[in-house]
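**Q** Attaching a predicted model along with its sequence, questions to come.
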Amino acid sequence: MVFERGCTDFLCGIVFLVFVASLFAVAIYGMIRGDPKRLIKPYDFNSKICDVDDEVKGFGKLYFAELETIYSMDQALCVKKCPKKKTDKLDCASYDG
């Protein structure tokens with residue numbers, strides 16, 4: 001067994017600390033300059049972000065008209081509130097053009 005040891009991982013420790021510091025720097029920059037709502041809000045069929053984009057402001061929920069086509073996203077609409085029954089009125093954003 002060798003009892004006189006030296007520090008061999010000093011360079012790796014420095015690289016790791018620079019990496020962790022850069023992660024914090026990117027996170028702080030993202031919180032200051034970014035828009036976290038764009039990450040968590042749903043998109044409609046027209047690639048508008050519900051309750052974020054001007055065209056769909058005030059319509060914060062995403063409603064799928066047909067659940068069979070849920071993966072195609074061609075029937076997803078931004079609505080103010082989701083209907084409870086089939087006979088409830090659907091208050092969705094205006095999609096002109």
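**A** Received the coordinates, thanks. Numbering: from 1, shown residues only.
**Q** looking at the chain, which helix or strand does the model trust least?
**A** helix 37-40 (a mean of 84; mean pLDDT, DSSP states H and E).
**Q** residue nearest the centroid of this structure?
**A** Nearest residue to the geometric centre of the chain (C-alpha atoms, centre = their mean): L39, 1.6 Å.
**Q** Relative to V18, how far out is that one?
**A** Separation of L39 from V18 (C-beta to C-beta, to the nearest Å) stands at 26 Å. Bear in mind the C-beta positions are built from the backbone N, C-alpha and C, glycine included.
**Q** Next, F24: phi, psi?
**A** Phi and psi for F24, reported as degrees, to the nearest 10, are phi -60, psi -40.
**Q** who touches it in this structure?
**A** With C-beta atoms under 8 Å, 6 or more residues apart in numbering as the criterion, no residue contacts F24.
**Q** Could I get the pLDDT score of it?
**A** Listed pLDDT for F24 reads 97.
**Q** any idea how far it is from G30?
**A** Counting by C-beta to C-beta, the gap from F24 to G30 is 11 Å.
**Q** Could you do V79 as well?
**A** 29 Å.
**Q** Show me which of the two is the more surrounded one.
**A** Between V79 and G30, V79 has the larger neighbour count (other C-beta atoms under 10 Å), namely 19 against 12.
**Q** Brilliant, that's me finished.
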